[in-house]
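Student: got a predicted structure here, sequence first:
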Amino acid sequence: MNVHPHYPSDRSPAADALPEGPLDVAALTRRMVEDDETAYRIFYDAYFDRLSRYLLVVTAGNEEAMREALQIALVRVVRHIKVFTNEAAFWSWLTVLARSALADENRRHRRYLAFLERFTQHTAIEQSASSRDHGEERLRGLLERNVVRLPPDERQLVEWKYFAHQPVRHIAGQLQTTEKAVE
C-alpha cells in the first residue's frame with residue numbers, strides 16, 4: 001500500500017476496514033452521504049491512486065495540474081456525494097468531477113495569465129506615459145530657465161503658449177495679428 005500524506009504509517013486506519021473482494025459502492029456512498037469519516041477514508045484508500053493516475057493521463061503527465069485538479073475533485077466529492085448503486089456509475093461520476101475540476105483549473109490559469117498580460121501592458125503604458133511626462137517636465141524646466149533671455153514681446157508669447165496653454169488663435173486675437181505671425 002502506498003503511503004499517503006494524511007496517514008503517518010504505511011497503513012491508514014481505514015485500510016483495516018476495507019473488505020476483501022469487491023467494494024460495496026452503494027454501502028460506501030451511503031455512509032459518505034451520512035458523513036461517516038471512516039467511509040471517506042475507505043474511499044480515499046480505494047480511489048486516490050486511481051484518480052491520480054487517471055488525471056495524470058488526462059493532463060499528459062503534468063503532475064502539478066494533476067495535483068491541483070485532484071484536490072479540487074476530492075473537495076467536490078465531499079460536497080456533492082450521493083448514493084451510487086454500482087461501481088461503474090460511481091467511477092464515471094468521479095471522472096466527470098476530475099475532468100471538470102481540471103477544466104476549471106485550466107480556465108482559472110488562463111484568466112490569471114490574461115490578467116498578467118493586461119497588467120504588464122498597463123504597466124508599460126504607465127511607464128511610457130511617465131517617461132513622456134518626465135520629458136514634458138524637463139522641457140518646461142528648460143523653457144522657464146531660458147525664457148528670461150528672450151525679448152519681452154517674445155517672452156510673452158512663450159508664456160501664453162507654453163505656460164498658460166492658450167491656443168494660437170486666442171493669442172493672435174489678443175495681439176491683433178494673424179495666427180501665422182504668432183506661430
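Tutor: Looks like it came in fine.
Student: which ones are touching the residue most central in space within the chain?
Tutor: Geometric centre of the chain, nearest residue: Tyr112, 2.4 Å, by Cα atoms, centre = their mean. With contacts defined as Cβ atoms under 8 Å, 6 or more residues apart in numbering, Tyr112 has no neighbours. C-beta coordinates here come from the backbone N, C-alpha and C atoms, glycine included.
Student: ok, then the element right after the helix or strand containing it?
Tutor: Tyr112 belongs to helix 87-146 when assigned by DSSP states H and E. Sequence-wise, the next helix or strand downstream of helix 87-146 (DSSP H and E) is helix 152-158.
Student: and that next one, what's buried?
Tutor: Using 16 or more other Cβ atoms under 10 Å as the test for burial, helix 152-158 gives Leu157.
Student: give me the distance between the residue nearest to Glu144 when sequence neighbours are not counted and Leu157.
Tutor: When the adjacent residues along the chain are set aside, Glu144 lies closest to Phe163, with 7.9 Å between them (Cβ to Cβ, 6 or more residues apart in numbering). Phe163 sits 11 Å away from Leu157, taking Cβ to Cβ, to the nearest Å as the criterion.
Student: over to Ala114?
Tutor: Distance from Ala114 to Leu157, by Cβ to Cβ: 50 Å.
Student: what about Arg41, how many residues nearby?
Tutor: The number of residues packed near Arg41 is 19, by other Cβ atoms under 10 Å.
Student: which strand or helix spans it?
Tutor: Using DSSP H and E, Arg41 falls in helix 37-58.
Student: and this protein, what are its domain boundaries?
Tutor: 13-115, 150-183 (automatic domain parsing).
Student: pull the distance from the first one to the chain's centre.
Tutor: Between the centre of domain 13-115 and the centre of its host chain there is 24 Å, according to Cα atoms, centre = their mean, to the nearest Å.
Student: list the contacts of Glu64.
Tutor: Glu64 touches nothing, counting by Cβ under 8 Å, 6+ apart.
Student: recalculate using a threshold of 10 Å.
Tutor: Glu105 (Cβ atoms under 10 Å, 6 or more residues apart in numbering).
Student: and if you look at Ser92?
Tutor: 84, 86.
Student: how about low-confidence regions in this structure?
Tutor: Within the chain, the ranges that satisfy pLDDT under 70 run 1-21, 122-135, 143, 147.
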